[in-house]
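Engineer: Make a model of this:
(2 chains)
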Amino acid sequence: MTLITYRDAVRDALREEMHRDPRVFIMGEEVGVWGGSYAVTQNMLREFGDKRVRDTPIAEGIIVGAGIGAAMGGLRPVCELMTVNFGLLASDMLINHAAKLHYMFAGQVKVPLVVRAVGGSGRQLAATHSQSLEVLFAYIPGLKVVMPATPYDAKGLLKAAIRDDDPVLYIEHSLLYPIKGEVPTGDYLVPIGASDIKREGKDVTIIAWSRMVHVALQAAEILGREGISAEVVDLRTLRPLDMEPVIRSFMKTNHAIVVEEDWRTFGIGAEVAVQIYEQAFGYLDAPIVRCAGAEVPMPYAKNLEALAVPTAGDVVRAAKELIG
Amino acid sequence: MATKIIMPKLGFDMATGKIVRWLKREGDPVRKGEPLLEIETDKATVELEATADGVLEKILVGESVEVPVGDPVGEIVSPTERNTGTGQPAGKTPLSAATGMMAAPVAVASPPVTAPAAQSRLSSRLDASPLAKRMAAELGIDLQRVEGSGPGGRITKEDIETYQVTMKVVPALPMATEEPKVAGASAEGKPLSRMRQTIARRMAESKGPVPQFYLTTDVDMAPGMVVVNQLNEAGKGEDLRVSPLSLVMRASALALRKYPNLNASFGGDRLIMHDDVNVGVAVAVEGGLLTPVIAHCDQKSVAEIARQTRAAAERARSGKLSRDDLTQGTFSVSNLGAYDIDHFVAIVNPPEAAIMAIGTAREVPIVDGGQVRVSLRMKLTLSADHRVTDGAEAARFLQEVKRLLQSPLSLFL
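Structural biologist: Purely as a prediction, here's the structure:
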């Protein structure tokens, strides 16, 4: 095991897969000469050359469209979108093409495409560049959406995404790049579509993904000191959504809180909650609580931005109210 | 397959149960969790619920008959089996017609509805969490009797668990057939809480049928307090709080090993000797008291007993005791040492045979070798069930407890 950052984990996954499989290549805005907007692809141009590390014009539709074509033609492209907000420009490519081709051509073509993007808020990038849009894509059958929270999951899930024959949207979080975690030295995969218990507990189940997993863990730590034992489930993949660990945990704790950076109404938390209602109604001891982002365009002002996103304090308060 | 209705064991001293009355007749449809019959044990009358949906096919044991624990008293058959089993078209000929008994056809029968109960249920919607509803159905608890502590009075899992602990059985003894008339008392009175009802019933069960006798001794606690202080000093890091209570629990447990008759229960025609030494500790809580049990006190160190007692007392005060905490006691202690009580007499907690009451340790003048000197003394009073033990044996037991407390290192052997 080595202790590396989330950023290094993503880079290592890309490098290892490119060494392992000559069909893997990366493209995106400033991934080559500049080394990536968040320095994920630093030095990769030197290591792999400009055929496999390709800088593109600022045209997200073309980045993903070209990626789809390359994937159909037998390559395994990893496209980088500077942020998931620009995924809106590529949404026709993602939703109407990447997600549908395998189905509409009766399985004759596969689209083994990975689109990497940065999501979430916290860097004062204001309303258009601070969104959590995962729900838009997780809504689409035919796409897979993964959102790792730790270096271990980041590396293992990206490798699994690159080896997957379906299009995968891989959403990173800019505030997670510097966090460190233990990662095995050898090759390993984290399966897509497998939620993970990040902390065991017995009184309340806290469900989160991406950066909110860390908020949930921090809350669980505080609650633990006050005698409330919280279990934290990291969804890791939003589609296909693995509810089994959530349901198992809920059957034990009978209380659930979903912590989500995205907006509450129509958000992922709503889906998670309703699946609990459907699958574990008889285990419900109180309504399921959502700690979600404020329903406003993300403010630019630092203090207001901080108020718009759930904090550990919010989760602790919600848990105390829930447990009583 | 038919589901057998078995006479349950409702306490470790229960050997037989008497059928008071059947609430259903043969051929009646029954639902899982619905009361089927009332049984009387030596302590209480309890309702026995159906463990499966179906039809009460057979009543094997009639009313007023006593049967051993584990014996079948009836059978429930699922409606489908009932029909296919006879080889008859569904609902045409009830099986028990063969025995000459009338049985209601399954298709038209519905559980009898008592109008007032049904109405009260409808008029005020019962707010209970889905989990609480499911638990109540499984345990056969009537949610109308459970007090909800959740938002807006919602009944939660915790409420069901609390209810289960405080009201394991339906009171057998009529509480009061005639209300005492007291001048100036309000007409309605104050309804008893579940806990108060249970305390009332259990204490009446003790003082009434259990002939008790009482022995008091006076223990020199000076050596014991040295040990208590040293242990607390040594356990400062973990906030260990050993008290004379912990010593008395340990000493009692060791003495019970030596005098097993006091670690027994009266079983009608025999004594039930308990293998384990499990000591209950009376804990005052809001509105009454609870007696969480510290299991295997003879095998635990003084420090461990102190830790577990403290944790159990905290659970008792926060209403978090589980059923395990409250059952399987074989002896009890009651400590009023903190209340400046010289000595007192506790009431035996049935089916246990004895209880030890602990007074306040205080400095008093004593005569020692013709000289008056100051000594730290604590009074212990043992209450014992005279059906189980006698004065001399109880006195020897108490002497042994005293000996252990006065040479406290023997508690660590």
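Engineer: List phi and psi for B:G54.
Structural biologist: Taking degrees, to the nearest 10, you get phi 150, psi -150 for the backbone angles of B:G54.
Engineer: And it, what's its pLDDT?
Structural biologist: What the model reports for B:G54 is a pLDDT of 85.
Engineer: what about it, neighbour count?
Structural biologist: When neighbours are defined as other CB atoms under 10 Å in any protein chain shown, B:G54 has 22 of them. Where you see a C-beta, it was placed from the backbone N, CA and C, and this is true even at glycine.
Engineer: Repeat that for the one 3 residues further on.
Structural biologist: Residues within reach of B:E57, counting by other CB under 10 Å, total 25.
Engineer: just the one 4 residues further on next, same as before
Structural biologist: B:V61 is surrounded by 21 other residues when neighbours are defined as other CB under 10 Å.
Engineer: Pull up the per-residue confidence for it.
Structural biologist: The per-residue pLDDT reported for B:V61 equals 87.
Engineer: What's the separation between it and chain A?
Structural biologist: 34 Å (CB to the nearest CB, to the nearest Å).
Engineer: so that residue makes contact with B:I19?
Structural biologist: Yes - at 5.6 Å, B:V61 counts as touching B:I19 under the criterion of CB atoms under 8 Å.
Engineer: Now list whatever residues contact both of the two.
Structural biologist: By CB atoms under 8 Å, 6 or more residues apart in numbering or on different chains, B:V61 and B:I19 have these common neighbours: B:V67, B:V73.
Engineer: Just give me the neighbour total for B:E314.
Structural biologist: When counting by other CB under 10 Å, one arrives at 13 neighbours for B:E314.
Engineer: list the buried ones in the helix or strand harbouring it?
Structural biologist: Per DSSP states H and E: B:E314 is located in helix B:302-317. Neighbour counts using 16 or more other CB atoms under 10 Å in any protein chain shown place B:V302, B:A303, B:I305, B:A306, B:R307, B:Q308, B:T309, B:R310, B:A312, B:A313, B:R315, B:A316 of helix B:302-317 among the buried residues.
Engineer: what about it, average pLDDT?
Structural biologist: 92.
Engineer: Give me the contacts around it.
Structural biologist: Taking CB under 8 Å, 6+ apart as the rule, helix B:302-317 contacts B:227, B:231, B:235, B:240-243, B:245-247, B:249-250, B:281, B:283, B:285-286, B:290, B:292-294, B:297, B:300, B:321-322, B:325, B:411-412.
Engineer: tell me what the helix or strand just after that helix is packed against?
Structural biologist: Remark: after helix B:302-317, the chain's next helix or strand is helix B:323-326, criterion DSSP H and E. Under the contact criterion of 3 or more CB pairs under 8 Å, 6 or more residues apart in numbering or on different chains; DSSP states H and E, helix B:323-326 touches helix B:157-166, helix B:302-317.
Engineer: Dump helix B:323-326 to PDB, restricted to CA.
Structural biologist: Extracted in PDB, the C-alpha atoms of helix B:323-326 (Å, rounded to 0.1, in the frame of the first residue of the first chain):
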ATOM      1  CA  ARG B 323     -35.300  -7.500  27.800                       C
ATOM      2  CA  ASP B 324     -32.000  -9.400  28.400                       C
ATOM      3  CA  ASP B 325     -31.100  -6.700  31.000                       C
ATOM      4  CA  LEU B 326     -34.200  -7.400  33.000                       C
END
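Engineer: And the contacts of it?
Structural biologist: With CB under 8 Å, 6+ apart as the test, helix B:323-326 has contacts from B:E161, B:Q164, B:V165, B:K168, B:L290, B:T291, B:P292, B:V293, B:A312, B:R315, B:A316.
Engineer: Contact residues of chain A facing chain B?
Structural biologist: Residues of chain A found near chain B (CB under 8 Å from any CB of the partner chain) are A:N254, A:F281, A:G282, A:Y283, A:L284, A:D285, A:A286, A:G324.
Engineer: In terms of helices and strands, where is the residue in the stretch 1-150 of chain A positioned nearest to chain B?
Structural biologist: Distance from chain B to each residue of the stretch 1-150 of chain A (CB to the nearest CB) is smallest for A:V135, at 27.1 Å. A:V135 belongs to helix A:134-138 when assigned by DSSP H and E.
Engineer: Run me through the strand neighbours of the next helix or strand after that helix, direction for each.
Structural biologist: Per DSSP H and E, the first helix or strand lying C-terminal to helix A:134-138 is strand A:144-146. Strand A:144-146 sits in its sheet next to strand A:168-173 (parallel), strand A:237-239 (antiparallel), going by DSSP bridges.
Engineer: List of residues touching the helix or strand just after the first one?
Structural biologist: Downstream of strand A:168-173, the next assigned helix or strand under DSSP H and E is strand A:180-183. Residues outside strand A:180-183 that contact it (CB under 8 Å, 6+ apart): A:M1, A:T2, A:L3, A:I4, A:T5, A:Y6, A:A9, A:D12, A:T150, A:P151, A:Y152, A:K155.
Engineer: Nice, that's everything, thank you.
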